[in-house]
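Enquirer: Would you be able to build a 3D model of this:
(chains A and B)
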Amino acid sequence: MSTWCERCGGSLAEGDHAACEAARRFEPPRFCPECRRRMKVQVLPAGWSASCVGHGSRRSPA
Amino acid sequence: MPEILDLARNQVLERGVGLDEEGVLAVLRLPDEHISGALQLAHEVRMRWCGPEVEVEGIVSLKTGGCPEDCHFCSQSGLFTSPVRSVWLDIPSLVEAAKQTAATGATEFCIVAAVRGPDERLMKQMREGVAAIKAAVDIQVAASLGMLSQSQVDELVEMGVHRYNHNLETCRSYFANVVTTHTWEERWDTLRMVRDSGMEVCCGGILGLGESIEQRAEFAAQLAALDPHEVPLNFLNPRPGTPLGDRPVVDGKDALRAIAAFRLAMPRTILRYAGGREITLGDLGTRDGLLGGINAVIVGNYLTTLGRPAEEDLALLDDLKMPVKALSATL
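Expert: As a prediction, this is how the structure comes out:
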């Protein structure tokens, strides 16, 4: 379950993250939703990958 | 019709001579009701002097983040509190990115690194990467690696890099408001070396950095004086944590005025839609620009942000009956 905003790193329980959610249409995630660590993100022409040292790697939906 | 558009029709459309700074400023100041007329004329100029083809390009970041420079718009500077972390792309992934790009029909693949200029590690990565791409993918390779020495210029030519991107970003009079760690003139020096080497020069910038309309016109005139093969036109996408992170996006009408004005300043250049068009212009504005002087697009994602799916842009080009430039036409 996500605890942290993938875009701003803030707590999803606090504040309004609607703008972050809208911005995510054109942005990959930057913060791990489970631990808030900044992730290593590689953007590729047709997708992205993001890795958190504590929670592993993710890729953009195909 | 406004006097400036009459003048442009005679001078730019008929004779292929671009507008000067004063003329560009007049286009940038056109009232709303004349924007469509300016775009229509810019489109005619593009068709007359460049033709109907659209050059499609993909870009990828070979080295992301951790840059020592302080370009105030950039999320990859290591000097700001941006969430972008440093990461290197390995060669197999670079080749895969080139394949993804070629699969869209693109003829250009630009390898970009967030650096002041390349060090030996980056040049080695380029040597291996460009060779691997050329062995596996039928596509032209371009590069954008910051400021170069003469020996690095020579080496890129030897690798077979055919075009080099180095944006001036903004006009000379505003540059120090945007970058303090190097000068506009240092960028110009790299562009001169690239030009002299025979590589194609790709040089553009970003609108919406806080420059005035007059400075936007100054920038167009300075680019026209450089006479680059390609001008990528970006619109600021304010990035969290950067000094320009709270700036507003460029008004869509101003963006369209700028597209028309830059085309009328540079009738023969490849004028490419680059970053920020999605948030500045949206889908409808993207169409208007392609019918207003733009004749090249970056498809797919950018370096740290995402673009429209390539299929959407390609479908739009098909709908507009604008053929994608073939690789054979670029060689």
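Enquirer: So which residues on chain A come close to chain B?
Expert: With Cβ under 8 Å from any Cβ of the partner chain as the criterion, chain A meets chain B at residues A:7-9, A:25-28, A:30-31, A:38-48. The C-beta positions use only the backbone N, C-alpha and C, and glycine is treated the same way.
Enquirer: Narrow those to just the buried residues.
Expert: For the residues of chain A next to chain B, a neighbour count by 16 or more other Cβ atoms under 10 Å in any protein chain shown gives the buried set as A:7-9, A:26-28, A:30-31, A:38-48.
Enquirer: so who does the most far-flung residue of chain A relative to its centre touch?
Expert: Centroid-distance maximum for chain A: A:Pro45 at 18.1 Å, with Cα atoms, centre = their mean. A:Pro45 makes contact with B:58-60, B:97, B:100-101, B:104, B:299-301, B:310, according to Cβ atoms under 8 Å, 6 or more residues apart in numbering or on different chains.
Enquirer: Quick one: residues contacting B:Pro248.
Expert: Listed by Cβ under 8 Å, 6+ apart, the contact set of B:Pro248 reads B:208, B:238.
Enquirer: circling back to that earlier point, pLDDT score for the residue farthest from the centre of chain A?
Expert: With respect to pLDDT, A:Pro45 scores 95.
Enquirer: what do you get for B:Leu284?
Expert: At B:Leu284, the model reports a pLDDT of 80.
Enquirer: what helix or strand does it sit in?
Expert: Here B:Leu284 is covered by helix B:282-290, with elements defined by DSSP states H and E.
Enquirer: going on from the top helix by length along chain B, what's the next piece of helix or strand?
Expert: Among the segments of chain B that qualify as a helix by DSSP state H, the longest is helix B:120-136. Proceeding N to C from helix B:120-136, the next assigned helix or strand is strand B:140-144, under DSSP H and E.
Enquirer: quick revisit: the longest helix of chain B and chain A in contact?
Expert: No. Helix B:120-136 stays clear of chain A (Cβ under 8 Å from any Cβ), getting no nearer than 12.9 Å.
Enquirer: Flag every residue of chain B that's near chain A.
Expert: So chain B meets chain A at B:58-61, B:64, B:83-87, B:89, B:93, B:96-97, B:100-101, B:104, B:237, B:240, B:278-279, B:299-307, B:310 (Cβ under 8 Å from any Cβ).
Enquirer: List only those of those flagged as buried.
Expert: Buried, going by 16+ other Cβ under 10 Å: B:58-61, B:64, B:83-85, B:87, B:89, B:93, B:96-97, B:100-101, B:104, B:237, B:240, B:278-279, B:299-307, B:310, out of the residues of chain B next to chain A.
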